[in-house]
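J.: What shape does this take:
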Amino acid sequence: MRLSTLAAALALLTASTLVLAGPVNINTADAETLSSELSGVGQNKAEAIVSYREQHGPYKNVEELTNVKGIGTATIDKNRSKIILE
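T.: Model (predicted):
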């Protein structure tokens, strides 16, 4: 495969991934989804988000994420447009 063809295929794959990314429901998403879709949220933070939800019930508002260790207002602000509750 020629290098230019490979580069074009990679560009299309990347673009389609970006298009498919949508809102993330923090009340239903698993840790893998949270870590892959939310900026600044790795696997450990994603697992903490799920654990908090399991212990305290569904999130009532996005700001409740600050109760999760390692999640602050900066992380919420970076992801606010991606997060949904229902």
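
J.: Contacts only, for the closest residue to Thr33 other than its chain neighbours.
T.: Closest residue in space to Thr33, ignoring its immediate chain neighbours: Val24 at 6.4 Å, by Cβ to Cβ, 6 or more residues apart in numbering. Placement of C-beta: from N, CA and C, glycine included. Residues near Val24 by Cβ atoms under 8 Å, 6 or more residues apart in numbering: 33-34, 37-38, 79, 82-84.

J.: before we move on, what about Leu65?
T.: So Leu65 contacts 26, 49, 59, 71, 75-76, 83 (Cβ under 8 Å, 6+ apart).

J.: and the residues you listed, which of them are in strands?
T.: Ile83 (DSSP state E).

J.: Am I right that Ser51 falls within a helix?
T.: Yes: the assignment for Ser51 is a helix, going by DSSP: H, G, I helix; E, B strand; the rest coil.

J.: that older thread, tell me the buried residues within the contacts of Val24.
T.: Burial by neighbour count, judged by 16 or more other Cβ atoms under 10 Å, picks out 34, 37-38, 79, 83 from these.
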